[in-house]
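Q: let's see this in three dimensions:
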Amino acid sequence: MRYAVGLEYDGSGFLGWQIQRQEPTVQGCLEQALARVADHDVRVTCSGRTDTGVHALCQVAHFDTGSKRPDRSWILGINSNLPAGISALWIKEVDESFHARFSAYARSYRYVILNRWVRPALDARQMSWCRRPLDADKMHQAAQCLRGEHDFTSFRAGACQARHAVREIHEVSVERQGNRVFLEVTANGFLYHMVRNIAGSLLKVGNGEQETGWVREVLEKRDRTLAAPTAPPEGLYFLGARYPEHFGLPEKTPDFPLGVGSSR
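A: Numbering: from 1, shown residues only. Below you'll find the model as predicted:
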């Protein structure tokens, strides 16, 4: 049997998603928790790997098992064996054609910037900080040139192992809510550090160092050295992946999941 599971996590306590020599990682913690519930070793595959310090609102992963458990038992068992910074939100049995990474046709990220002259004390590891005033409208205007299919070499980290830099951004927006500025990007796929590199360049526009047309010039030059430095990881959130409707995955976490709280 194959299961899809939705997760949220605070990335500040983990060395990214992927298992590595150093610990802890989100994947490593999840596999250990699943193994205890399934009573056998489990390997998981996620929709999009996140780096050290990066958070997730709904990461999707899949795993195979011969163990049969009610969905409620899976969730309670997984969460009782996970550290406090990770929580399983939902689980659903899917057919074997489902693949958390390859079945997704789009992914979305959000980058959160606290924009005030005083540094944060609360939630300092859940958002980036910019002391200089930012013009969110100009940042939004500058970002619109990124929509569509482009070669994003200028926003690609040197360690990126993707075969090519062509991606299609479906939606991109920047807006201010009080003293926070939010960048949201949805695309068919992302390059290594792509969103953080875009955020870094948009910050240059927002604080007045560059004009709105500069982002387009950087994009067209296909030269990473022309773009701004990579923005810090703390402000980045993986919002989720989009899948074909026939898989029937939840769009959000139910208020009373898995049949709990029925009115009957």
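Q: for this protein, which residues score under the pLDDT cut-off?
A: Applying pLDDT under 70 to the chain flags residues 251-264.
Q: how does it divide into domains?
A: Following automatic domain parsing, the chain resolves into domains at 2-103, 106-239.
Q: closest to residue 247 out of the ones you listed?
A: domain 2-103 (5.6 Å; Cβ to Cβ). In this view, the C-beta of every residue, glycine as well, is placed from N, C-alpha and C.
Q: return the distance of that closest one from the chain's centre.
A: For domain 2-103, the separation from the chain centroid amounts to 14 Å (computed by Cα atoms, centre = their mean, to the nearest Å).
Q: span of it from start to end?
A: Counting by Cα to Cα, to the nearest Å, you get 14 Å between the two ends of domain 2-103.
Q: just the element for the most centrally placed residue in the chain, please.
A: The centroid of the chain falls nearest to residue 238 when counting by Cα atoms, centre = their mean (1.5 Å). Taking DSSP states H and E as the criterion, residue 238 maps to strand 236-242.
Q: gap between that strand and the chain center?
A: The chain centre lies 4 Å from the centre of strand 236-242; the measure is Cα atoms, centre = their mean.
Q: which other helices and strands does that strand contact?
A: Here strand 236-242 touches strand 55-64, strand 106-115, helix 194-206, going by 3 or more Cβ pairs under 8 Å, 6 or more residues apart in numbering; DSSP states H and E.
Q: how many neighbouring residues does the nearest residue to the residue nearest to the centre of the chain once chain neighbours are set aside have?
A: In this structure, residue 238 finds its nearest non-sequential neighbour in residue 56, 4.3 Å apart by Cβ to Cβ, 6 or more residues apart in numbering. For residue 56, the count of nearby residues is 25 (other Cβ atoms under 10 Å).
Q: now residue 93
A: Residue 93, neighbours per other Cβ under 10 Å, totals 13.
Q: check for me that it belongs to a strand.
A: Yes: looking at residue 93 with DSSP: H, G, I helix; E, B strand; the rest coil, it is inside a strand.
Q: now it: how far from residue 62?
A: As judged by Cβ to Cβ, to the nearest Å, residue 93 and residue 62 stand 10 Å apart.
Q: what do these two both touch?
A: Here residue 93 and residue 62 have 2-3 as joint contacts, going by Cβ atoms under 8 Å, 6 or more residues apart in numbering.
Q: rewinding a little: out of the helices and strands packed on strand 236-242, which one sits most buried?
A: helix 194-206 (a mean of 25; mean count of other Cβ atoms under 10 Å).
Q: much appreciated, bye for now.
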